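# need a structure here:
(2 chains)
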Amino acid sequence: GAVVSQHPSWVICKSGTSVKIECRSLDFQATTMFWYRQFPKQSLMLMATSNEGSKATYEQGVEKDKFLINHASLTLSTLTVTSAHPEDSSFYICSARYKIVGYGYTFGSGTRLTVV
Amino acid sequence: QKEVEQDPGPLSVPEGAIVSLNCTYSNSAFQYFMWYRQYSRKGPELLMYTYSSGNKEDGRFTAQVDKSSKYISLFIRDSQPSDSATYLCAMSATGNQFYFGTGTSLTVIP
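This is a model prediction of the structure:
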């Protein structure tokens, strides 16, 4: 249980274009979705937190106009990297919160974005 | 000071060895502790979850939390080549925002 499906798993795009990454919770309702990015040999850095039906909360230093997050339903959240540049190349991972004793997180498999 | 400190390794052990992975933290309010395993180019997968202090065992894996020392550990017994991955610790005070360690890269040599 508590599976999150993330697509695409990898994408190469040209500089200046936009890329959309989708995360779907398959067997539970994800009221809260977290978006992370991970650079090589570094840990997960939280970019933003989104709650279904409301605007995402961005971490300090993350451009909300560049990284558009939409959480329109309880099973789908999307991250759109707008006007991508090579420095946006990274591994992007979504995570949904579910309840066990307290709360747990389940992660998508990640999206490797390369901007050329 | 980082919220969570984790030795990045790399750590290399022979098959069958006992592996000890550790994280220290600075926030005494942390009470949710997790260990994730991440294979290359994949998302992290939850291994162990612990609330508050104490030990938890699941098969070959044992998680320990020492809140007085702000120190958590993950032990892997009878390590296997398939255990080769990066192991991330994560912790939270409220169960909302989790803070991750940088991950420890483990290689188990057959």
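# Every contact and neighbour count from this point should use C-alpha atoms.
Fine.
# Would you mind identifying the helix or strand in chain A with the lowest mean pLDDT?
The weakest-scoring helix or strand in chain A, judged by mean pLDDT, DSSP states H and E, is strand A:102-107 (a mean of 74).
# and after that strand, which helix or strand comes next?
strand A:111-115 (DSSP states H and E).
# so what secondary structure elements neighbour that following strand?
Counting contacts by 3 or more C-alpha pairs under 8 Å, 6 or more residues apart in numbering or on different chains; DSSP states H and E, strand A:111-115 packs against strand A:10-13, strand A:90-100.
# quick one: which of the ones you listed has the weakest pLDDT on average?
Least confident of the helices and strands packed on strand A:111-115, judged by mean pLDDT, is strand A:90-100 with a mean of 85.
# which other residues reach whatever helix or strand B:Ser73 lives in?
Per DSSP H and E, B:Ser73 falls inside strand B:71-76. With contact meaning C-alpha atoms under 8 Å, 6 or more residues apart in numbering or on different chains, strand B:71-76 is reached by B:18-25, B:35, B:60-66.
# Tell me the buried residues within those residues.
B:19, B:21-25, B:35, B:61-65 (16 or more other C-alpha atoms under 10 Å in any protein chain shown).
# of all the residues in chain B, which ones are close to chain A?
Chain B has residues B:32, B:41-46, B:49, B:51, B:88, B:95-96, B:100-103 near chain A, with proximity defined as C-alpha under 8 Å from any C-alpha of the partner chain.
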